[in-house]
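1. Got a predicted structure plus its sequence, pasted below:
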Amino acid sequence: MKSFSLLCACLFLLCACASHEFHPYVGQQQKWPTSPGAFVDSQYAVPVYYGYPSRAYAVVGFLEQTSHGRFSDAVEDAANSAKKLGADAVLVESHGKSSEAVGTFTNGTITPMGAGATVTGTTVIARHHTDRATVVLIKWP
């Protein structure tokens, strides 16, 4: 049981983290694309656009956000980071989740019974969940 508890603690530490890489925009601002309508999610620290906003904006830079954990949300983490970096909103360029098996833990016994055997035990498959988002940080003029 100690081994299983240790495995769970290690997996929690491995899976409960996030990282981001910010790339500032350098150069003259352009007339960036706009759209008469877009899907907007306003539940985060800054508005999250899934399409171009309807008004003019300046580009601050772009952010590559990676979050780990079963319930991770890279878009939410990116919105929080964007607010800290002074952005007014973000445009989502890409977003995707993935999950992969990273290890197994088996605890069991084999009991001989005549010509056959009884196998009892538990196998736990550890999964690593990753959520990635690339967003453009924007500021209203």
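-> Received it, and whenever you're ready, just let me know what you need. Remember, it's a predicted structure, so these values are computed and weren't measured experimentally.
2. my guess is Val46 contacts Lys84, does it?
-> No. Using C-beta atoms under 8 Å, Val46 makes no contact with Lys84, being 10.0 Å away. In short, each C-beta sits where N, CA and C put it, glycine included.
3. Between the two, tell me which one has more neighbours.
-> Val46 (20 against 10; other C-beta atoms under 10 Å).
4. and Glu21, what does it touch?
-> Leu63, Glu64 (C-beta atoms under 8 Å, 6 or more residues apart in numbering).
5. Quick check on it: phi, psi?
-> phi -130, psi 120 (degrees, to the nearest 10).
6. Show me what the helix or strand harbouring Leu63 is packed up against.
-> In this assignment (DSSP states H and E), Leu63 forms part of strand 58-68. Using 3 or more C-beta pairs under 8 Å, 6 or more residues apart in numbering; DSSP states H and E, the elements in contact with strand 58-68 are strand 18-24, helix 74-84, strand 116-139.
7. Return the member of those having the minimum mean pLDDT.
-> When these are ranked by mean pLDDT, strand 116-139 comes last with a mean of 73.
8. What count of nearby residues applies to Ile138?
-> 24.
9. Go ahead and confirm it touches Gly86.
-> No. If you go by C-beta under 8 Å, Ile138 and Gly86 don't touch, sitting 10.7 Å apart.
10. Find the residues that touch each one of these two.
-> Joint contacts of Ile138 and Gly86 (C-beta under 8 Å, 6+ apart) are Val60.
11. that older thread, can you pull the buried residues of the strand holding Leu63?
-> Val59, Val60, Gly61, Phe62, Leu63, Glu64, Gln65, Thr66, Ser67, His68 (16 or more other C-beta atoms under 10 Å).
12. what's the answer for stretch 134-141, then?
-> Thr134, Val135, Val136, Leu137, Ile138.
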